[in-house]
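Peer 1: Need a 3D model of the following:
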Amino acid sequence: MPTLPDEPLLETAHAHADDDDRRGSRDGGELFERVLAELGIAVTDRSSAALPVIPLSSRLDTAALAWASVSAVMVAAGRSPEDLDPERVAVAYGSDRVLTLDGAAPPVWSPYSGFWRTSDGWIRTHGNYPHHAARLRAGLGLQEGAGAEAVRDVLAEQQSAPAVAAITAAGGLAVRVMAEAPATDRLLGARPLLEINRVEAVSPSPSSRSTSADARSEHRPLQGMRVLDLTRVIAGPVCTRTLALLGADVLRIDPPQLPEPEWQHLDTGHGKRSAVLDARDPQLEELIERADAVVLGYRPAALDRLGLNPEELARRHSGLVVAQLSAWGTEHPDRAGFDSLVQAESGIALIESPDGDRPGALPVQALDHSAGYLLAAAVTTLLRQRPPRPDGSWVVRTSLRRVAAELLQMPRRRQPNAARGFAVDPHVARFVLGDTSLTTARPALPGFEFDAPHPWGSDQPRW
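Peer 2: Residues are numbered from 1 along each chain as shown. As a prediction, this is how the structure comes out:
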């Protein structure tokens, strides 16, 4: 099993203050305490907020963001953050880098996904799904067989803004690579990282839902809870994978016409059942009626069109916990996005530039993973504290852009610290799925181990 490449180590946010380029107003310990306050959890032992050294190298404090996010889940599950293994957290955040199928690393990125130089700057595209790649080509006026070289040549002659507009108009995904906007980040940062609201149900009534997880297995605190997973890609599936790890019965539903890439599904599908069902099928409403929580990861406008608006679900289903994850926030309901695009537009890509010219990236998809863990902490807390006779429901939200604003207001360094590698092997798990051998990261949470993922769409859409 290979080791992670030697790379600079970002140490605790409290160390080497003289080396910092800008001291952010929010460090990892403060973030951790603020998240717990948003969850209504009292901080009784501040010693647990001492940041360990997590080997995630970047100028921005990716390590502290990861530590605070995973620590929040630990506390929500009744565990201590002091039990976290820094290297195990790092491997979990970079799970796509250690995943292998039959001993081979899958092609994680499409040749249509990446940074492209334009005549006046850079843009970032995302074309991992075939339909997104096709729309990218269409937006650039390229034929179906056109490769990355053709994309490069076309974009090199265009300005960034018109190129992004053309790709977006065709239904593709692209953003300009932009400098950070501190005023925007301050406005976003003034909002809760986890927006939690109670919604009164239209007609409170007894249901088949569980009533509380407080008295359940200490080892699996969500044992017996039902979670309906209507998410895709990384952030939402990381959230529901974590809920499954804590004992919840998680059923993931995908549209039949849009299969998930195999590696991506297996990277985040641990412990869940996987079924396909059209969102307009009445059977989906029956599944929601019997669920304790629903996690939503589609664009807000798409949810509204499908009758899955979070507040409406909460009003229709007494006692339900509804968690919503989006890329850009509800103020941009029609806008699709991914971690890499949010990094590019928010200013992270330029901050992480390796040479002051080319855009760079965080060492892992930290916005996705952190949003997933934070949302899992909220859902776990709400499920465990839900009253025995619920007369209302809960809606909790976060977004990748809100997480990016948090990271951009944390301490940063001029340059990452000195390099250090570490062995991956102690932090991976191996499964056999039919004829396929899968190697994947172990969970970031110590004391728990993943159950094997089910192949995409291999289960029935029922509890």
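Peer 1: Can you say which helix or strand has A344 in it?
Peer 2: helix 339-346 (DSSP states H and E).
Peer 1: other SSEs contacting the helix or strand following that helix?
Peer 2: Next along the chain after helix 339-346, taking DSSP H and E as the criterion, comes helix 348-351. Contact partners of helix 348-351 among helices and strands, from 3 or more CB pairs under 8 Å, 6 or more residues apart in numbering; DSSP states H and E: helix 400-408. C-beta here means a position set from N, CA and C on the backbone, and glycine is covered the same way.
Peer 1: Quick check: E195 touching A378?
Peer 2: No - using CB atoms under 8 Å, E195 is not in contact with A378, being 9.4 Å away.
Peer 1: and those two? which has more neighbours close in?
Peer 2: Neighbours per residue (other CB atoms under 10 Å) separate E195 from A378, with A378 holding more: 28 against 17.
Peer 1: Run through the strands of the stretch 1-150 of the chain in chain order.
Peer 2: Here the stretch 1-150 of the chain has its strands, by DSSP state E, counting those that start in this stretch, at 7-8, 20-22, 100-101, 114-118, 121-125.
Peer 1: Show me the domain layout of the chain.
Peer 2: 114-180+336-351, 193-335+365-406 (automatic domain parsing).
Peer 1: of all those, which lies closest to L39?
Peer 2: domain 193-335+365-406 (4.7 Å; CB to CB).
Peer 1: first vs last residue of that closest one, how far apart are they?
Peer 2: 8 Å (CA to CA, to the nearest Å).
Peer 1: any idea how far G40 is from L382?
Peer 2: 9 Å (CB to CB, to the nearest Å).
Peer 1: Give me the more crowded residue out of those two.
Peer 2: L382 (24 against 10).
Peer 1: Shouldn't the more buried one be within a strand?
Peer 2: No - counting by DSSP: H, G, I helix; E, B strand; the rest coil, L382 is not found in a strand; it is helix.
Peer 1: my guess is it meets V322, correct?
Peer 2: No - assessed by CB under 8 Å, L382 is found out of contact with V322, at 9.7 Å.
Peer 1: Please identify every residue contacting each of the two.
Peer 2: Listed as contacting both L382 and V322 by CB atoms under 8 Å, 6 or more residues apart in numbering are 293, 394, 396.
Peer 1: Does R79 touch G447 like I think?
Peer 2: Yes - proximity of R79 to G447 meets the contact threshold set by CB under 8 Å, at 6.7 Å.
Peer 1: So between the two, which is more surrounded?
Peer 2: R79 (19 against 10).
Peer 1: ok so, going back, can you tell me which of the shared contacts of L382 and V322 has the most neighbours?
Peer 2: A293 (31 neighbours).
Peer 1: residues touching L245, list them.
Peer 2: Contacts of L245 (CB under 8 Å, 6+ apart): 270-271, 443, 445, 448, 450.
Peer 1: so how far is V73 from it?
Peer 2: For L245, the distance to V73 - CB to CB - is 9 Å.
Peer 1: what's the answer for D267, then?
Peer 2: D267 is 18 Å from V73, by CB to CB.
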